[in-house]
Structure formats: structure tokens, C-alpha cells
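Asks: Got a predicted structure plus its sequence, pasted below:
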Amino acid sequence: MRNLKELTRPNVWALKPYSSARDEYSGVEASVFLDANENPYHAPYNRYPDPLQKELKALIAPIKHVREGQIFLGNGSDEAIDLIFRVFCRPAVDNVVAIDPTYGMYQVCADVNDVEYRKVLLDENFQFSAEKLLAASDEKTKAIFLCSPNNPTGNNLCRKEIEKLLEGFDGLVIVDEAYADFSNARSFLLDLDKFPNLVVLQTFSKAWGCAAIRLGMAFASEEIIGLFNKVKYPYNVNQLTQQEAIALLKDSQKVQEWVEILLKERTRLADSFAALNCCLHIYPTDANFFLAKVTDASSIYAYLVGKGIIVRNRTNVTLCGNCLRVTIGTPEENDALLDALKEMK
Ligand code: PMP
């Protein structure tokens with residue numbers, strides 16, 4: 001790996017971060033807070049939240065088998081994606097490489113930050129070749145984006161190829177595991193200490209049932225997380241979000257139960273969907289959705305909208321012509337979809 005200073009934007013490396021009132025004292029049991037120009041009334045909303053979300057990280061660390069210092073929490077994992085560009089990529093100079101098709105926000109963040117986004121096509125099994133990604137990179141490539149299980153294709157990427165990339169690329173390798181809770185594959189979280197250039201993204205928005213509270217996680221070396229913390233907004237995760245996540249983490253058995261139900265429903269829905277006249281193929285999935293090739297994605301999508309049922313039309317996405325992406329819902333929701341498609345003329 002290039003050394004971290006070389007990978008980081010010089011202005012960020014030199015940055016003296018904003019120091020909030022709550023950053024400046026620690027270790028003492030204070031009870032009178034006259035430091036942050038807050039209103040003393042209207043508890044608990046009157047106080048700024050913990051800028052580094054320590055209580056939350058202390059609960060996440062043992063579940064994820066990482067150290068607290070290896071965790072960054074943000075306003076969705078989308079915040080972490082954007083921070084990767086803002087911390088490492090010089091606008092109009094640096095570039096990133098990504099598999100194609102994949103999650104759309106990597107390109108949006110690249111475009112917003114004026115960073116060249118180089119796409120490398122997946123093969124017909126939606127797998128990538130480390131060699132091809134390396135061939136697309138140069139000395140200005142700061143990061144390579146992978147997503148496993150991938151969105152919108154649903155499949156896990158080949159572990160061996162990811163490892164090849166981690167060993168062969170001297171910049172950052174981002175492995176977005178937003179859907180990993182639905183997969184049996186070993187998480188790359190367990191390899192953080194082995195690969196100093198690895199950044200793993202996960203989220204509370206999928207299996208954890210918390211898309212509304214906006215809480216995403218990035219895991220990496222303490223040095224990389226330190227850079228994210230330097231650049232993030234001081235109070236990027238609000239108090240309500242921190243409280244809700246703490247409550248859920250103390251009752252995380254629920255998450256396991258949801259995942260089990262959704263995996264059973266995934267099998268049932270995919271099997272029944274495959275038997276429909278309009279379905280040509282269902283791609284293998286390791287996520288809480290599947291990609292299906294259908295006879296005419298746009299007309300089926302419009303028909304379903306007319307019935308009040310919304311799936312994702314991915315027909316304009318690379319390699320996904322005439323494909324719909326279907327999220328696994330409750331048994332009732334899945335039945336509504338199947339019934340509507342059975343009735344379709
Ligand atoms: N990564 C992937 C692969 C996703 O599909 C999504 C959401 N669709 C995200 C990240 C963003 O998740 P969050 O809600 O944590 O911002």
C-alpha cells in the first residue's frame with residue numbers, strides 16, 4: 001500500500017479539524033454544562049450528541065469483532081462513501097475504479113467531487129477479474145469500489161479475486177457489505193488487520209430494519225478512521241438515531257429472526273416468480289432481493305405501478321436489460337406481487 005499520507009489529499013492531511021465543545025473535556029463526570037451555548041431546558045433534545053458515538057461503538061465492536069477505533073458511523077453508509085472521495089481524491093486529478101453494474105452512489109459521489117469514475121464490466125456471471133480492475137487503475141487511482149453481495153445483481157463477488165485485489169492494489173479497496181447479513185459468506189471485517197488498505201461498509205438500513213434513522217458504518221484501520229473523523233461534520237449522527245440504534249443493539253436477536261424469515265421468503269418468492277409466464281430467468285442471490293430477467297421489464301413495471309406495487313426497473317442498467325429487481329417483503333406483500341403477475345394479461 002502507498003503510505004497513507006501519499007493517498008490522502010494534502011489539504012486533508014494538514015487539516016486541523018473543528019474542535020467542538022464536547023471534544024474538549026473527557027474522563028470526568030461532569031454535571032454542569034455551560035460550554036456549548038445550548039438551552040438548559042428541553043432535555044434530552046437540548047444537548048449536542050456525542051460527536052464520536054462512543055456508547056454506540058462500544059456495542060457494535062463486539063458484535064462485529066473489531067476495535068472501537070476501527071469504526072466510523074455516519075448518516076447512512078452514503079456518508080462514508082462521500083467521505084472516501086473527500087478525504088482521498090483530489091478533484092479533477094485523481095480517479096477511482098469500480099465494477100459495473102453496481103450501486104449508483106459511488107458514481108454520484110465521484111461526479112459531485114469531480115473525480116474520474118472508471119467502470120470495469122462484470123462478466124456474464126456478474127463476477128469481476130482483479131487483473132482487469134488493476135489494468136484500469138494507474139498512479140492516480142485512490143480507491144477501487146466493490147460491492148458484495150452486489151447491488152443490483154444480488155450475488156457475492158468471488159472472495160479469491162477480492163483478496164487478489166487487496167494484495168495487488170496499492171490504494172484503498174472498498175468492500176460494500178450492505179447486504180452481508182443475508183449471506184453466508186465470510187465478512188471481510190475479519191480481515192481488517194490483515195489488509196491495511198481495506199475499507200468495509202455496512203449499514204443499519206437493510207437487515208437491521210433501520211433505513212429511516214440513517215446509520216451507516218465504515219470499518220478500517222484506526223488511521224483511516226481517524227481521517228474520516230477529521231473531515232466529518234462534528235455531530236453527524238443525531239441523538240435520536242444513536243438512542244434507537246443502542247436500543248436495537250441490546251435486542252439484536254430480533255434482527256436474526258427477521259433475516260431468517262426473509263431468507264425463507266426469498267426462496268418461496270423466487271421459486272414462484274420463476275414459474276410465472278413473464279419470467280425468463282432469476283439470477284442467484286445472496287441478498288434480500290433478486291434480479292429477474294422478464295419478457296418486458298418496462299411494461300411489467302408500469303402494470304405493477306398501476307396495481308400499487310413498486311419494484312425496481314433496472315432495464316437501463318449495464319448487463320441488466322429487461323431486468324426487474326425485486327425486494328423480499330412480508331409474506332402478504334410477496335403474495336400481492338405474485339397474484340398481480342398471475343393476473344397479468
Ligand atoms: N450500499 C449499497 C450497496 C446499497 O444498496 C445502499 C442502499 N441502497 C447503500 C450502500 C446505502 O445505504 P445507507 O442507507 O446506509 O446509506
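Replies: The structure has been received and is ready for your questions.
Asks: List phi and psi for the residue of the stretch 1-150 of the chain found nearest the ligand.
Replies: At 2.6 Å from the ligand, G76 is the closest residue in the stretch 1-150 of the chain, using CB to the nearest ligand atom. In this view, the C-beta of every residue, glycine as well, is placed from N, C-alpha and C. Backbone torsions for G76, taken as degrees, to the nearest 10, come to phi 80, psi 160.
Asks: which helix of this protein spans the most residues?
Replies: Secondary structure of the chain read by DSSP state H shows that its longest helix is helix 253-274.
Asks: Helices of this structure, start to end?
Replies: Per DSSP H, the chain carries helices over the ranges 4-7, 10-13, 54-64, 77-88, 105-112, 130-136, 159-168, 222-231, 239-249, 253-274, 297-306, 331-343.
Asks: Adding mean neighbour count and mean pLDDT, write the ones you listed out as JSON lines.
Replies: As requested, the helices of the chain are exported to JSON lines (neighbours: other CB atoms under 10 Å; pLDDT from 0 to 100):
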{"stretch": "helix 4-7", "mean neighbour count": "15", "mean pLDDT": "98"}
{"stretch": "helix 10-13", "mean neighbour count": "12", "mean pLDDT": "98"}
{"stretch": "helix 54-64", "mean neighbour count": "16", "mean pLDDT": "97"}
{"stretch": "helix 77-88", "mean neighbour count": "23", "mean pLDDT": "98"}
{"stretch": "helix 105-112", "mean neighbour count": "18", "mean pLDDT": "98"}
{"stretch": "helix 130-136", "mean neighbour count": "17", "mean pLDDT": "98"}
{"stretch": "helix 159-168", "mean neighbour count": "16", "mean pLDDT": "98"}
{"stretch": "helix 222-231", "mean neighbour count": "18", "mean pLDDT": "98"}
{"stretch": "helix 239-249", "mean neighbour count": "16", "mean pLDDT": "97"}
{"stretch": "helix 253-274", "mean neighbour count": "15", "mean pLDDT": "97"}
{"stretch": "helix 297-306", "mean neighbour count": "16", "mean pLDDT": "98"}
{"stretch": "helix 331-343", "mean neighbour count": "15", "mean pLDDT": "98"}
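Asks: excluding its backbone neighbours, what's nearest C89?
Replies: Closest residue in space to C89, ignoring its immediate chain neighbours: V115 at 4.3 Å, by CB to CB, 6 or more residues apart in numbering.
Asks: Quick check: the one you found touching D94?
Replies: Yes: V115 lies in contact with D94 (CB atoms under 8 Å); the separation is 5.8 Å.
Asks: near the ligand, which residues of the protein?
Replies: Those residues of the chain that sit near the ligand, judged by CB under 6 Å from any ligand atom, are 76-78, 103, 147, 151, 176, 178, 203, 205, 211, 216.
Asks: which of those residues count as buried?
Replies: Listed as buried from the residues of the chain next to the ligand are 76-78, 103, 147, 151, 176, 178, 203, 205, 216; burial here means 16 or more other CB atoms under 10 Å.
Asks: one step back: roughly how far apart are the residue of the stretch 1-150 of the chain closest to the ligand and D335?
Replies: To D335, G76 is 31 Å away according to CB to CB, to the nearest Å.
Asks: just S187 next, same as before
Replies: For S187 relative to D335 (CB to CB), the value is 33 Å.
Asks: Repeat that for L172.
Replies: 44 Å.
Asks: swap in V199?
Replies: With distances taken as CB to CB, V199 is found 40 Å from D335.
Asks: Then L121?
Replies: 37 Å.
Asks: which residue is nearest the centroid of this structure?
Replies: Among the residues of the chain, the one closest to the centroid is A178, at 4.1 Å (CA atoms, centre = their mean).
Asks: which residues touch stretch 312-324?
Replies: The contact list for stretch 312-324, computed with CB atoms under 8 Å, 6 or more residues apart in numbering, reads 100-101, 119, 121-122, 124, 126, 152-153, 280, 291-298, 300-301, 311, 325-327.
Asks: From the residues you listed, keep the buried residues only.
Replies: Buried positions within the contacts of stretch 312-324, assessed by neighbour count (16+ other CB under 10 Å), are 100-101, 119, 122, 126, 152-153, 291-294, 297, 300-301, 311, 325-327.
Asks: thinking again about what came up before, what is the neighbour count of the residue nearest to C89?
Replies: Neighbours of V115 under the rule other CB atoms under 10 Å: 24.
Asks: if I pick it, what's in contact with it?
Replies: 85, 89-92, 94-96.
Asks: shouldn't W13 be in contact with K5?
Replies: Yes: in this structure W13 lies within contact range of K5 using CB under 8 Å: 5.6 Å.
Asks: Find residues that contact each of these two.
Replies: Residues touching both W13 and K5 (CB under 8 Å, 6+ apart): none.
Asks: which residues touch I246?
Replies: Residues in contact with I246, defined by CB under 8 Å, 6+ apart, are 55-56, 59.
Asks: actually Y45, not the one I typed
Replies: For Y45, the contact set (CB under 8 Å, 6+ apart) comprises Q239.
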